[in-house]
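*Asks:* Structure, please.
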Amino acid sequence: MYSTTFGIKHKRTQNRVCADIGYEGKADGRFLTGKVSSAKTLQLCILTFKKKARSYFPESNHASKGSKKMKKAALLLVATICFLLAGLPAAHAGEHKCALYTGSTEFERMKQLVGVWEGTSDMGKEGEKVRVEYRLSAGGSALIETLFPGSDEEMISVYHDQKGKLAMTHYCMEGNQPRMTLGNADAQTIQLVFASEGNEIDPAKEKHMHAVRITFTDNDHIIQKWTLFDKGKDVGGVTLKLARVH
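*Replies:* Presented below is the predicted three-dimensional model:
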């Protein structure tokens, strides 16, 4: 990483240009400082802006001492502005860089599912092959589950923590979005159930996915059992048996 420090004079300035890095200045007035990401970028800025500045201050054998000082000051000012602009992207990126989110025990376990899974479903044709994909988003604070990606039955569920507990919103083929919260969990299973608050679904009237139980058989095999409710009653659901592909 190359860097340069520079100043803008108010009265008198002593300065020099470093061949490989750029301009360094020392002023008895107020300083401005900044960085550029590479020597190549810096050199390009200097050449471009010096050429442009010289077009406004053409050389003259009869130029006065005062005009030469004015030209030198103008070149210094233009180069300084260039350095400031060159440093902005790196500074902006640094300000927004942050560590990935670490959540509840259940959410951290769900994050281990990131990848591609394939298996069978008892929905539709018996033994029909299905695919499920998991990926992290929002700085690791949301796990997006895509069921049957690319098919007409594609659906999405988003897992996240809510007030320190695992929660999920399921975007269903029924055209609704049931929200679920952690029901119970143990060493092998996580169960999410229809949330008593925050849902816009009337569970006594509307058909909706009411719960899901995820069983972790081992690191590379899981079973999902989704429970469907209609008019307030359990009317079955779907079971997915999945193995990690990658």
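
*Asks:* who touches Q191 in this structure?
*Replies:* Neighbouring residues of Q191 by C-beta atoms under 8 Å, 6 or more residues apart in numbering: L182, G183, N184, A185, A211, V212, R213, I214. The way it works is simple: take the backbone N, C-alpha and C, and place the C-beta from them, glycine included.

*Asks:* What residue, apart from its backbone neighbours, is nearest the third one spatially?
*Replies:* Same thing as N184. Q191 (5.3 Å; C-beta to C-beta, 6 or more residues apart in numbering).

*Asks:* again with the fourth one
*Replies:* Nearest residue to A185 in three dimensions, chain neighbours excluded: E106, at 5.2 Å (C-beta to C-beta, 6+ apart).

*Asks:* Buried residues, the helix or strand hosting the one you found. List them.
*Replies:* Assessed by DSSP states H and E, E106 sits inside helix 105-111. For helix 105-111, burial by neighbour count (16 or more other C-beta atoms under 10 Å) applies to E106, F107, R109, M110, K111.

*Asks:* correct me, but the third one touches F216?
*Replies:* Which is R109. Yes: R109 is within contact range of F216, at 7.3 Å (criterion: C-beta atoms under 8 Å).

*Asks:* so what's in contact with these two at the same time?
*Replies:* What both R109 and F216 touch, as defined by C-beta under 8 Å, 6+ apart, is the set I190.

*Asks:* Would you confirm that T189 contacts T215?
*Replies:* Yes: T189 lies in contact with T215 (C-beta under 8 Å); the separation is 5.0 Å.

*Asks:* so what's in contact with these two at the same time?
*Replies:* With C-beta under 8 Å, 6+ apart as the test, T189 and T215 reach no residue in common.

*Asks:* quick one, domains of the protein?
*Replies:* 4-96, 105-244 (automatic domain parsing).

*Asks:* Between those domains, which has the poorest mean confidence score?
*Replies:* In terms of average pLDDT, domain 4-96 trails the rest of those, at a mean of 50.

*Asks:* Next up, identify which helix or strand the spatially closest residue to Q162 that is not a sequence neighbour is on.
*Replies:* Excluding the flanking residues, the one nearest Q162 by C-beta to C-beta, 6+ apart is T181, at 6.8 Å. Using DSSP H and E, T181 falls within strand 179-185.

*Asks:* Contacts made by that strand with the rest, please.
*Replies:* With C-beta under 8 Å, 6+ apart as the criterion, strand 179-185 contacts 105-106, 162, 165-170, 190-195, 198-199, 211-212.

*Asks:* now those: which count as buried?
*Replies:* Among the contacts of strand 179-185, the ones that count as buried (16+ other C-beta under 10 Å) are 106, 162, 166-170, 190-195, 199, 211-212.

*Asks:* quick one on the thing from earlier: which of the buried residues of helix 105-111 lies closest to G237?
*Replies:* Minimum distance to G237 across these is 19.6 Å, recorded for M110 (C-beta to C-beta).

*Asks:* Let me know whether the closest one touches A142 as I believe.
*Replies:* No: in this structure M110 lies outside contact range of A142 using C-beta under 8 Å: 10.5 Å.

*Asks:* so what sits against both of the two?
*Replies:* With C-beta under 8 Å, 6+ apart, M110 and A142 have common neighbours Y159.
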